[in-house]
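Enquirer: when you get a sec, could you give me coordinates for this:
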Amino acid sequence: MNEGLVLSKILNKCSKRCLLDQGKQVHGVVEKLGFGRDLVLNNDLIDMYAKCGTMDFACMVFDQMAERNVVSWTALMCGYLQNGDAKTSLVLFSKLGRSDVRPNEFTLSTSLKASGVLGIAQNGKQIHGVCAKSKFDCVPVVANSMIDMYSKCGMVSEASRVFNTLPVRNVISWNAMIAGYTKERYSEEALNLFREMQQKGEVPDGYTYSSLLKACSCTGAVGEGMQIHAMLIRHGFPYLAQSAIAGALVDLYVKSRRMTEARRVFDRINEKSVMSWSTLIIGYAHGDSLTEAMDLFRKLRETRHRMDGFVLSNLIGVFADFALVEQGKQMHAYTIKVPYGLLEISVTNSVLDMYMKCGLTDEANALFREMPASNVVSWTVMITGYGKHGFGEKAIELFNQMQVNGIEPDSVTYLAVLSACSHSGLIKEGQKYFSSLCSNQKIKPQVEHYACMVDLLGRGGRIKEAKDLIDTMPLKPNVGIWQTLLSACRMHGDMEMGKQVGEILLRLDGNNPANYVMMSNIYVDAGYWKESEKIRDTVKRKGLKKEAGRSWVEIDKEIHIFYNGDGVHPLIEEIHQVLKEMEKRVKEETGYVHSVNFALHDVEEESKVESLRVHSEKLAIGLVLVRRELNLKGEKVIRIFKNLRVCGDCHAFIKGLSKVLKIVFVVRDANRFHRFENGLCSCVDYW
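Expert: Reported below is the predicted structural model:
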């Protein structure tokens, strides 16, 4: 065996095992033995350096070559693509076209993949044309890359056309097409193609199964997903040893709210990926199983898994949504400790969002000022947060400052500043920014922006203007914008407009219990009990159930969740007792009177008062007061969180309580933050 062949084999082994140091030594031997101009060895060196991630050395070898062939070009193109530089890979393909070397099927396949990674369909189409002219378009490796390219560019119909014209298909062809359908959320087409694949006798592999499970997960096709799970078991497929399939199964069951099945699969996975951990944690959290979520998170931290920016952002998002202050602070500390934490701007933005959603505006502002770099998301998070807290002028100041800093607001930023104006009653300012948005050449106003303006005008009592805006808007109004107007009608007691809007809503969305509740409330406020009763009868007849009101409070790192009328807490008797005592004090010292309009109207007066006392936010406050009386740590600020809008009676009671007890209460409801201090609320009763 000659020396050149031996060196080639050694370089190939270095490539496969990514042995850079040994590869460099072989490179030195190549030069010493006078093989520096050998075409095959130079190609091997390019491949070795590329596989080891040192593209500078690969490019150096390529540039010094006296002679190059198609393998030389393709090896360098592949190297750039594999190392995340698809753009340079395509630039090389363009240079190849101006040389005497003709591309082969692997060169064309690589360039198609690069186009797909970049999502540039125009380049992909041009390369498709080259493939057709050179008769390579029916070669499997090229055709498969073509299907993949069109799919990644969102052109699934073009991908299907290529797939259907293939004279010969292999498992990669089927996988590429199934993945394309999955990406575009065409789960039915993906499943039908899988059935056809089986009929043709093609054996699916792990990639096939993971794509199919993702397709089922995206569209909630849990029945089909369970059939695939059964198939994996029946065929003895080692899916628990393949993290992609096992993770897709966990994701399917989590999104279908089948947490028992999700946990059963998770517990049996051989090598659990960090994505599987985070999927299950988020599933538990969103399913109100916060204890399980936190327990699982502690176990994840005990493993050696490195949590990337995506996972960290998602986990911090859980703490933000549930306003878990202590856990959120711990996550902030964790991101500071790990070297990759706050270096990713997405993670820092998630921490900002967490602080804002937990009501800690000072902490959010301090972190925002310390950020070495910020993007449009960072500014939007801050503007949204200040808006939710009722600091409309501060939100506007930030909106103007970001543009001075050279950061252009996007549609979400405009939504944030319009919402901030709405929460603070800044009608002129809101109209100014809405006008600016409408004249913006880069951004088109969406229904959500119009809804913000309807909310702004409606809250300000300008109901007719809000209705006129809906009637003249160039977009089709959705359910949400009509709900916004209906809420304004109730706020200002506009019965006639409320009836009109309610009829529209019930025609558009007749199975949404929230719409019936809003209409019923309007009738109750106006004293139309019979009309309200008819609405409630309709709800019962249709079997509709409104979302249950729930509130939660964090005490000593433990989350306590209450539902309206809840009676299961171990301290419930003490809670009722302390609430009665507080009601008495607030009545005597502030003149507070129960707003029984917010209670059930078909019960006795005494029962109405009792029903108001068991509203979830009052129960949560009652628990905090009981714990304070038990000589536990007394907090200066009590934070309560609620999934629905706080009712008028609870709002009035908490205002009085803050004055009587000299305690600050911060309540986050579905719409905004309320800071109750010394008998006043930050919303100025404007919510």
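Enquirer: CA atoms for contacts and neighbours, from now on please.
Expert: Will do.
Enquirer: now do the helices in the stretch 251-400 of the chain.
Expert: 259-268, 274-286, 290-302, 309-321, 325-337, 345-357, 361-370, 376-388, 392-404 (DSSP state H, counting those that start in this stretch).
Enquirer: what's the closest of these to Val70?
Expert: helix 309-321 (38.8 Å; CA to CA).
Enquirer: and the angle from the closest one to helix 274-286?
Expert: 10 degrees (axes from the mean of the first three to the mean of the last three CA atoms, to 10 degrees).
Enquirer: what mean pLDDT would you report for helix 309-321?
Expert: Per-residue pLDDT over helix 309-321 has a mean of 81.
Enquirer: quick one: residues in contact with that helix.
Expert: Applying CA atoms under 8 Å, 6 or more residues apart in numbering, the contact partners of helix 309-321 are 274-275, 278, 281-282, 285-286, 325, 327-328, 331, 340-341, 344, 346-347, 350-351, 353-355, 357-358.
Enquirer: low-confidence ranges, the stretch 351-500 of the chain, go.
Expert: Along the stretch 351-500 of the chain, no part satisfies pLDDT under 70.
Enquirer: pLDDT at Pro339, what is it?
Expert: 67.
Enquirer: correction: the previous question concerned Val325.
Expert: With respect to pLDDT, Val325 has a value of 79.
Enquirer: quick one: least confident helix or strand in this structure?
Expert: In the chain, no helix or strand scores lower on mean pLDDT, DSSP states H and E than helix 605-613, which sits at a mean of 49.
Enquirer: C-terminal to that helix, which secondary structure element comes first?
Expert: Downstream of helix 605-613, the next assigned helix or strand under DSSP states H and E is helix 616-629.
Enquirer: and the contacts of that following helix?
Expert: Defining contact as CA under 8 Å, 6+ apart, one finds that helix 616-629 is touched by 549-553, 555, 560-566, 571-572, 574-576, 578-579, 613, 634, 638, 640-642, 646, 650.
Enquirer: of the residues you listed, buried ones?
Expert: 549-553, 555, 561-565, 572, 574-576, 578-579, 613, 638, 640-642, 646, 650 (16 or more other CA atoms under 10 Å).
Enquirer: wait, Gln327 touches Lys557, no?
Expert: Yes - assessed by CA atoms under 8 Å, Gln327 is found in contact with Lys557 at 7.4 Å.
Enquirer: mind checking which of these two has more residues around it?
Expert: A count of neighbours by other CA atoms under 10 Å puts Gln327 above the other of Gln327 and Lys557, at 17 against 11.
Enquirer: so for stretch 48-67, what gets flagged as buried?
Expert: Quick answer for stretch 48-67 (16+ other CA under 10 Å): 48-55, 57-59, 61-62.
Enquirer: so how far is the first residue of it from its last?
Expert: 18 Å (CA to CA, to the nearest Å).
Enquirer: could I get the average pLDDT for it?
Expert: 94.
Enquirer: equivalent analysis for stretch 138-148, please.
Expert: Stretch 138-148 comes out at a mean pLDDT of 94.
Enquirer: spit out the contact partners of Val666.
Expert: Contacts of Val666 by CA under 8 Å, 6+ apart are Gly359, Val637, Ile638, Arg639, Ile640, Phe673, His674, Arg675, Phe676.
Enquirer: was I right about the second one contacting Val667?
Expert: Same thing as Val637. No - applying CA under 8 Å, one finds Val637 not in contact with Val667, separated by 10.4 Å.
Enquirer: and the two? Which one has more around it.
Expert: When Val637 and Val667 are compared for neighbours, Val667 comes out ahead with 24 against 13, by other CA under 10 Å.
Enquirer: that one and Gly23, how far apart?
Expert: For Val667 relative to Gly23 (CA to CA), the value is 63 Å.
Enquirer: measure stretch 668-682 end to end?
Expert: 12 Å.
Enquirer: now it: buried residues?
Expert: So stretch 668-682, judged by 16+ other CA under 10 Å, has buried residues 668-669, 672-682.
Enquirer: narrow these to those in strands?
Expert: Under the assignment DSSP state E, the buried residues of stretch 668-682 contribute Arg668, Phe673, His674, Arg675, Phe676, Glu677, Leu680, Cys681 to strands.
Enquirer: who's in contact with the nearest residue to the last one once chain neighbours are set aside?
Expert: Of all residues beyond its chain neighbours, the one nearest Cys681 is Arg675 (5.4 Å), with distances taken as CA to CA, 6 or more residues apart in numbering. When the contact criterion is CA under 8 Å, 6+ apart, the partners of Arg675 are Val664, Phe665, Val666, Val667, Cys681, Ser682, Cys683.
Enquirer: at 10 Å what do you get?
Expert: Arg675 sits next to 359, 389-390, 637-639, 654-655, 658, 664-668, 681-684 when contact means CA atoms under 10 Å, 6 or more residues apart in numbering.
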